[in-house]
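**Student:** Okay, sequence plus prediction incoming.
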Amino acid sequence: MTIYSFSIFDGTLYSPVFTDGSTRPLPIEVPTIWAVKPDRTDVVACSNLSSARAYADGRAPEKNDTHVEASLKVRAYRSPSGQYYVKHGNQRLDCHNQATARYYVRNGVPTSVMLEATLSDLASSLNQ
């Protein structure tokens with residue numbers, strides 16, 4: 001793949017942009033490489049050649065995550081020893097601190113995290 005200056009033959013082109021976004025010249029110009037997505041719907045400013053090529057070839061990751069993991073509603077508790085934990089039914093998940101417990105109450109616990117905690121508790125109880 002060849003990059004041509006100010007052309008989009010292969011999906012990328014060069015344009016100088018100043019580091020603070022102004023039109024006044026700065027001592028160092030940072031080159032911005034523009035890439036056209038393969039479906040020709042968008043032009044993306046990239047900071048280096050490899051990311052521009054990834055956009056032009058369609059290999060760049062998308063920011064919108066289509067995979068949303070289900071989460072479980074939990075309640076937070078504090079044991080007499082000071083350990084914070086959250087519970088969903090009879091499943092207990094120990095937390096590092098109060099902020100982590102509050103986060104889980106507010107946003108829910110991902111099912112994979114709760115499953116991992118349950119399996120590790122089960123494995124430790126079988127080993128004893």
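**Tutor:** Thanks, I have it. It should be emphasised that the depicted structure is a prediction, and the values quoted were computed from it without experimental measurement.
**Student:** Run through who's touching the lengthiest helix in the chain.
**Tutor:** Scanning the chain for the longest helix, with DSSP state H as the assignment, gives helix 111-127. The set of residues external to helix 111-127 that reach it, using C-beta atoms under 8 Å, 6 or more residues apart in numbering, is 69, 70, 71, 72, 88, 91, 92, 93, 94. Using the backbone N, CA and C atoms, a C-beta is placed for each residue, glycine as well.
**Student:** hmm, 6 Å instead?
**Tutor:** Applying C-beta atoms under 6 Å, 6 or more residues apart in numbering, the set of residues contacting helix 111-127 from outside is 70, 72, 91, 93.
**Student:** where does the third one fall, phi/psi-wise?
**Tutor:** Translated: residue 91. When read as degrees, to the nearest 10, the backbone of residue 91 gives phi -90, psi 130.
**Student:** Any figure for the gap between it and residue 59?
**Tutor:** Distance, residue 91 to residue 59, by C-beta to C-beta, to the nearest Å: 40 Å.
**Student:** Those two: which is more packed in?
**Tutor:** Ranked by neighbour count (other C-beta atoms under 10 Å), residue 91 and residue 59 place residue 91 first, with 15 against 10.
**Student:** Quick one: residues contacting that one.
**Tutor:** residue 118.
**Student:** Kindly state the beta-bridge partners for it.
**Tutor:** Taking DSSP bridges as the rule, residue 91 bridges to residue 88.
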